[in-house]
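*Asks:* next comes the sequence, and after it the predicted model I'd like to discuss.
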Amino acid sequence: MTILQRYVSREFLKIFGICITGLLGITVLVDFFQRIDMFVNYPTPVRWKFLYFALKMPQFIFYITPISMLVALLVTLGILNHHREIIAIRCGGVTLMHLVAPLVALGALASVLVFVTNEFIVPGTASQLQNVLDIHIKNRPARSIFRQNRIWFYGERNTIFNIQLLDPVEKLFEGVTLYRFDPTGKRLIQRIDARRARYLRGRWDFFHLTIRTFLADGTIKARSFHRQRLRRPEKPGDISQYRERPEVMNFPALSEYVRKLRRSGFNPTAYMVDLQAKLTLPLLSFIVTLLAIPIAFRARSGGSVVASLGVSLALAFAYYIVISLGISLGHAGKLPPFLAAWLPNFFFISFAGYLWMDLEK
């Protein structure tokens, strides 16, 4: 790396550090004020509230890194342009491609680090975050035990649900077992095993089920039904909030979950979109690097830093609008999962390629 490249990289890293620190602070403040009523209504020890935000940091960093890259690049190159250093560099015979090569490499490195964070850190912290929020801040009992693709849920009337797979959109449940206990909670009085269950108009329909009743004298009565409708106070929303969410699963775990949903006859479209998004979202840092560099060089000499910030915010806003729209259309089944997750990136990569065509070699 030449002296000139080290100089540009050093200036970029300084501004990037300021950007990511400032955005991280703003994000924490916004999240705090959004949840201030929760902190007031649940006067728990302060250490749990600090732990709550500490566990959220990896998620915050995942989302603000691309914006920080974009702002830092446009501001760094904007300052060089404003001071006419770019003109001096070009007059010295140094090509722009040579100048920005380290910045492109840093953008690629940022994408790799974001992907690693999302795969190995975010799932664990997201799971702990939910535990801290439910148990230590809201003082709720531990109503479920998380397992990959399996849920234990403590319901009403001394009943425990065990569910192998669920589809919260269609309100379908696969592999359902209910354990009913007596009022003391010490003796099992009934067990219901069903191949599948569906919630409809306030009632539960169980299919291919066996009901075993455990009498006080130790005998067991078993009855089998093709279909049985039972009225239960629990609703799918009460249970689905405890399901394994995409953000608490890494790519292999989510991929296996999609395969199990498909084998069980569920529609895995929404999860397939989230699976592809685990690959596309980390690429944002690299793509915004490819976008920001030619945009910065297209600005006129002496352009203000304020203008660079304006372009940064407008471009980031447009980028996130397109990505959110694509993922939403994918979740709704209007676009195939691959296109829903990758089409926004293909579009902006093509746009970046068009801008780079005019960049001096």
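*Replies:* That came through fine.
*Asks:* scan this structure for its longest helix.
*Replies:* Using DSSP state H to define each element, the chain has its longest helix at helix 46-82.
*Asks:* okay, and the residue of the chain positioned farthest from its centre sits in which element?
*Replies:* Distance to the chain centre peaks in the chain at residue 217, reaching 52.0 Å (criterion: CA atoms, centre = their mean). Assigned by DSSP states H and E, residue 217 falls within no helix or strand.
*Asks:* before we move on, what about residue 119?
*Replies:* helix 96-120.
*Asks:* what does residue 173 give?
*Replies:* Using DSSP H and E, residue 173 maps to strand 172-181.
*Asks:* can you give the strand pairings for that strand, parallel or anti for each?
*Replies:* Taking DSSP bridges as the criterion, strand 172-181 pairs within the sheet with strand 159-167 (antiparallel), strand 188-200 (antiparallel).
*Asks:* for those, which one sits closest to residue 349?
*Replies:* strand 159-167 (33.8 Å; CB to CB). Backbone N, C-alpha and C define where each C-beta goes, glycine included.
*Asks:* put the alpha carbons of the closest one into CSV.
*Replies:* Extracted in CSV, the C-alpha atoms of strand 159-167 (Å, rounded to 0.1, in the frame of the first residue of the first chain):
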residue,chain,number,x,y,z
THR,A,159,-51.8,-27.5,30.4
ILE,A,160,-48.4,-27.8,28.7
PHE,A,161,-48.2,-27.7,24.9
ASN,A,162,-45.4,-29.4,23.0
ILE,A,163,-45.3,-28.4,19.3
GLN,A,164,-42.8,-29.8,16.7
LEU,A,165,-43.4,-27.3,13.9
LEU,A,166,-45.7,-24.3,13.4
ASP,A,167,-46.8,-22.0,10.7
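*Asks:* picking that back up, highest mean neighbour count out of the strands paired with strand 172-181?
*Replies:* Ranked by mean neighbour count under mean count of other CB atoms under 10 Å, the strands paired with strand 172-181 are led by strand 159-167, which reaches a mean of 20.
*Asks:* can you give me the mean pLDDT across that strand?
*Replies:* For strand 159-167, mean pLDDT rounds to 84.
*Asks:* so what's the gap between that strand and the chain middle?
*Replies:* Once both centres are worked out by CA atoms, centre = their mean, to the nearest Å, strand 159-167 turns out to sit 24 Å from its chain's centre.
*Asks:* quick one: the strands in this structure, in order.
*Replies:* Per DSSP state E, the chain carries strands over the ranges 144-147, 150-154, 159-167, 172-181, 188-200, 203-214, 220-230.
*Asks:* which other helices and strands contact the last one?
*Replies:* Packing partners of strand 220-230 (3 or more CB pairs under 8 Å, 6 or more residues apart in numbering; DSSP states H and E): strand 203-214.
*Asks:* now tell me what touches the strand it packs on from outside.
*Replies:* The contact list for strand 203-214 (CB atoms under 8 Å, 6 or more residues apart in numbering) reads 176, 187-199, 220-232.
*Asks:* which stretches of the stretch 101-250 of the chain have low pLDDT?
*Replies:* 140-150, 168-170, 240-244 (pLDDT under 70).
*Asks:* go again using 80 as the cut-off
*Replies:* In the predicted model of the stretch 101-250 of the chain, residues 130, 134, 138-150, 152, 154, 166-171, 201-202, 236-245 satisfy pLDDT under 80.
*Asks:* skip the chain neighbours and tell me the closest residue to residue 226.
*Replies:* Using CB to CB, 6 or more residues apart in numbering and skipping the chain neighbours, the partner closest in space to residue 226 is residue 208 (6.5 Å).
*Asks:* one more: residue 358?
*Replies:* residue 294 (7.2 Å).
*Asks:* geometric centre of this protein: which residue is closest?
*Replies:* Geometric middle of the chain (CA atoms, centre = their mean) lands on residue 247, at 4.5 Å.
*Asks:* how many neighbours does the residue nearest to that residue when sequence neighbours are not counted have?
*Replies:* Leaving out its chain neighbours, the residue that sits closest to residue 247 by CB to CB, 6+ apart is residue 126, at 5.0 Å. The tally of other residues near residue 126 (other CB atoms under 10 Å) stands at 19.
*Asks:* in contact with residue 126, which residues are there?
*Replies:* Counting by CB under 8 Å, 6+ apart, residue 126 has contacts 55, 59, 245, 247, 248.
*Asks:* among these, which one sits closest to residue 4?
*Replies:* residue 59 (36.9 Å).
*Asks:* show the pLDDT at the closest one.
*Replies:* 94.
*Asks:* residue 320 versus the closest residue to it other than its chain neighbours, what's the distance?
*Replies:* Of all residues not flanking residue 59 in the chain, residue 122 sits nearest, at 5.9 Å (CB to CB, 6+ apart). To residue 320, residue 122 is 18 Å away according to CB to CB, to the nearest Å.
*Asks:* quick one, which of the two is more surrounded?
*Replies:* residue 122 (24 against 15).
*Asks:* domain parsing for the chain?
*Replies:* Using automatic domain parsing, the domain parsing of the chain gives 3-130+267-357, 150-240.
*Asks:* what's the most buried one of those domains?
*Replies:* The most buried stretch of the domains of the chain, if neighbours are counted by mean count of other CB under 10 Å, is domain 3-130+267-357, with a mean of 17.
*Asks:* now that one: how far from the chain's centre is it?
*Replies:* That offset, for domain 3-130+267-357, works out to 15 Å (CA atoms, centre = their mean).
*Asks:* contacting residues around residue 189?
*Replies:* With CB under 8 Å, 6+ apart, residue 189 has these contacts: 180, 181, 182, 213, 214.
*Asks:* how far away is the second one from residue 157?
*Replies:* Here residue 181 is placed at a distance of 9 Å from residue 157 (CB to CB).
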